[in-house]
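Participant: Sequence first, then the predicted structure:
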Amino acid sequence: MSENIILTGFMGSGKDTIGRLLASRLNMGFISTDQMIEFAEQKPIKGIFEERGEVYFRKKEKWVIEKIKGLKNVVIATGGGMVIDMKSRKELQKMGTVVQLSTNIENLKKRIISNGERPLIRNVFDIDKLYREREGIYDFAEIKIDNSDKKPETVVNEIIEKLNLEKTQSYKEKAEIRIKTKLKTYPVIIGYNITERLPIFNNKVVIITNPLVGALYMNEIINNLRKGNNEIDYFIIPDGEEFKNFEVVKKIYEFLFQNNFQRKNFILSLGGGVITDIAGFVASTFKRGCRIIHIPTTLLCQVDAAIGGKTGINTDYGKNMVGTFYQPELVLCDLKKLLTLSDKEFFNGIAEVIKYSVIHSKRLFNILQRKKEQVKNRNLQILFEIMKMCVSIKGAIINQDETEEKGIREILNFGHTVGHIIETVTNYNIYSHGEAISMGMVEEMRLFGRKTKGIGEVKELLKAYDLPIYVPCDLKNKMKKLISHDKKMKGKYITIPVFEGIGKIKIKEVLCRKFF
């Protein structure tokens, strides 16, 4: 199943409660739009209304729709007023099947009054007034279910029956790959739904995440951490590469100091590459190093960013220009998280998978060619095999050259010299990391690679996964100015991986002026 289920209805109709149960029964993700707004604003809904007003809140609801509309396999519980706007109703219809939860007014009054935290409700008369005003706005739903006097479990059963739903795929195999470095050996665990038992007990944990990922997974992670009698707090970073900077780092430091965070305590990164990079940087520098666990939630992060200990933040001179090498205690790669990714984000990660195949594994390259449709459909068996191969490749390279001192680890930078510059000159808001790396690989092969038919095969594979292969001409002049600031520069030369054939890369020094 890849279609989402969107729950709508008046406040008090049980959307969050029923949504969580439904998602659990069907092996789907769950997101509450109200909770996502609370994470983004760092205050409860009532506080947002009091400080910013209803007009501002309705704008945030539209912002949420833009952020979630690419998600897959998710049950979405919408705020009661989210569907006032006709455009929002149409956008929700495009996302999946809309189900209206309908409850009689008397039951609604009991639930709303007992809650006491509804910003638009001061007394019972406000409920009557608002109920009349919103009459008919939920009727755009494909299915209407009356849950006036029903238990949540009964309503869930009724939704499943009416929509003829089945559980999404699950997977039982699990793998553990050990990453060995000079200072630390740690496991990367790959499997499905593997965050149930986090190995942290009687400790303090600060989760670093963003509003979308927090709304999707924070409750799950917190519930699992509570089983270990942990003290839990969290810090929310706005979503986007542009927030991976010194200002955000300073705010995290301040938060940790205010919460008396100690070196024995844990930072837990929950998110994609931006979260992993910045959380790792903070962990490596706060009090000269504290403990960190990564739970990467994107394909790109699971196969690459969370593994190997590279941390970094961006400056005006380029991406990851300030950073450290700092290894985590553990990396948990949960395949279930990949099923909720938008196609764009999923293919963003496939770019890094293709990179691994080009630099190290013709077998992986062939799998990506022959089993393209299974990969695109996110078959868990195929994803599990791909993940193991990528982590094993990176692990073997890290074991030999943790900090790029021997020139072995530099093979992982294939496509990244050009790719990072593309991201920098476009201010991180036009191309995703994977798209930039895709263009970077092709451009570096064109400029420096040995001319073989393999170049054409790589380009065709990238195109097969909807990834761009040409750098726009208007960017190239801007890019020339930044190449001299690259970390790999040595005088007039730069050290880069050069393509010699699929699975064959050589590290060479090339003249900087040959770029673009």
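Facilitator: On my side now, so go ahead.

Participant: Can you verify Val282 is assigned to a strand?
Facilitator: No. Counting by DSSP: H, G, I helix; E, B strand; the rest coil, one finds Val282 to be helix, located in no strand.

Participant: Let me see the contact set for the residue nearest to Lys94 when sequence neighbours are not counted.
Facilitator: Distance criterion CB to CB, 6 or more residues apart in numbering; nearest residue to Lys94, sequence neighbours excluded, is Lys69 at 7.1 Å. Backbone N, C-alpha and C define where each C-beta goes, glycine included. Applying CB atoms under 8 Å, 6 or more residues apart in numbering, we find Lys69 in contact with Glu91, Lys94, Met95.

Participant: Repeat that for Glu61.
Facilitator: For Glu61, the contacting residues are Thr33, Ile37, Gly79, Gly81, Met82, Asp85, Ser88, by CB under 8 Å, 6+ apart.

Participant: Okay, and the closest residue to Phe286 other than its chain neighbours sits in which element?
Facilitator: Counting by CB to CB, 6+ apart, Phe286 lies nearest to Leu256, which is 5.8 Å off, once chain neighbours are set aside. Per DSSP states H and E: Leu256 is located in helix 246-258.

Participant: what do you get for Glu220?
Facilitator: Using DSSP H and E, Glu220 sits in helix 211-226.

Participant: ok, the helix or strand just after that helix: who's next to it in the sheet?
Facilitator: The helix or strand immediately downstream of helix 211-226 is strand 231-236, counting by DSSP H and E. Strand pairing for strand 231-236, using DSSP bridges, gives strand 204-209 (parallel).

Participant: what's the angle between the partner strand and helix 211-226?
Facilitator: Relative orientation of strand 204-209 and helix 211-226, computed by axes from the mean of the first three to the mean of the last three CA atoms, to 10 degrees: 160 degrees.

Participant: pLDDT, distance to Pro199 and neighbour count for the contacts of Glu61 - can I get that in a markdown table?
Facilitator: Listed next are those as a markdown table, based on pLDDT from 0 to 100; distance: CB to CB, whole Å; neighbours: other CB atoms under 10 Å:
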| residue | pLDDT | distance to Pro199 | neighbour count |
| --- | --- | --- | --- |
| Thr33 | 98 | 33 | 23 |
| Ile37 | 98 | 33 | 22 |
| Gly79 | 94 | 36 | 23 |
| Gly81 | 92 | 42 | 19 |
| Met82 | 95 | 39 | 26 |
| Asp85 | 93 | 45 | 15 |
| Ser88 | 96 | 42 | 18 |
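
Participant: Quickly check these for the two that are furthest apart.
Facilitator: Ile37 and Asp85 (15.0 Å; CB to CB).

Participant: buried residues in stretch 108-118?
Facilitator: For stretch 108-118, burial by neighbour count (16 or more other CB atoms under 10 Å) applies to Leu108, Lys109, Arg111, Ile112, Arg118.

Participant: Pull the residues that contact it.
Facilitator: The contact list for stretch 108-118 (CB under 8 Å, 6+ apart) reads 10-14, 44-46, 103, 121, 124, 127, 131.

Participant: Mind checking the pLDDT average for that stretch?
Facilitator: Taken as a whole, stretch 108-118 carries a mean pLDDT of 75.

Participant: do stretch 47-62 as well
Facilitator: Mean predicted confidence for stretch 47-62 is 95.

Participant: where in the stretch 351-500 of the chain is pLDDT low?
Facilitator: Within the stretch 351-500 of the chain, the segments meeting pLDDT under 70 span 480-481, 484-489.

Participant: send the alpha carbons of stretch 181-188 over as CSV?
Facilitator: The C-alpha atoms that make up stretch 181-188 are tabulated as CSV, following Å, rounded to 0.1, in the frame of the first residue of the first chain:
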residue,chain,number,x,y,z
THR,A,181,38.0,2.8,13.7
LYS,A,182,41.1,3.7,15.7
LEU,A,183,39.0,5.1,18.6
LYS,A,184,35.8,3.2,18.4
THR,A,185,34.0,0.1,17.1
TYR,A,186,30.3,0.3,16.8
PRO,A,187,27.4,-1.5,15.1
VAL,A,188,25.2,-0.4,12.3
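
Participant: Just the buried positions in that stretch, please.
Facilitator: So for stretch 181-188, counting by 16+ other CB under 10 Å, buried means Thr181, Tyr186, Pro187, Val188.

Participant: Please apply the same query to stretch 228-242.
Facilitator: Those would be Asn230, Ile232, Tyr234, Phe235, Ile236, Ile237, Asp239, Glu241, for stretch 228-242 by 16+ other CB under 10 Å.

Participant: so how many other residues sit close to Tyr253?
Facilitator: 15 (other CB atoms under 10 Å).

Participant: Also Lys150?
Facilitator: By other CB under 10 Å, 16 other residues sit near Lys150.

Participant: before we move on, the earlier item: for the helix holding Glu220, name the packing helices and strands.
Facilitator: Counting contacts by 3 or more CB pairs under 8 Å, 6 or more residues apart in numbering; DSSP states H and E, helix 211-226 packs against strand 29-32, helix 33-41, helix 54-68, strand 204-209, strand 231-236, strand 266-271.

Participant: Quick check: mean pLDDT of it?
Facilitator: 96.

Participant: before we move on, what about stretch 318-325?
Facilitator: Stretch 318-325 comes out at a mean pLDDT of 89.

Participant: Name the surrounding residues that touch it.
Facilitator: Contact partners of stretch 318-325, identified using CB under 8 Å, 6+ apart, comprise 241, 246, 277, 280-281, 284-285, 309-315, 402-403, 420-421, 423-424, 428, 482, 485-487.

Participant: In helices, which of those residues appear?
Facilitator: Mapping the contacts of stretch 318-325 onto helices (DSSP state H) picks out Phe246, Asp277, Gly280, Phe281, Ser284, Thr285, His420, Ile421, Glu423, Thr424.
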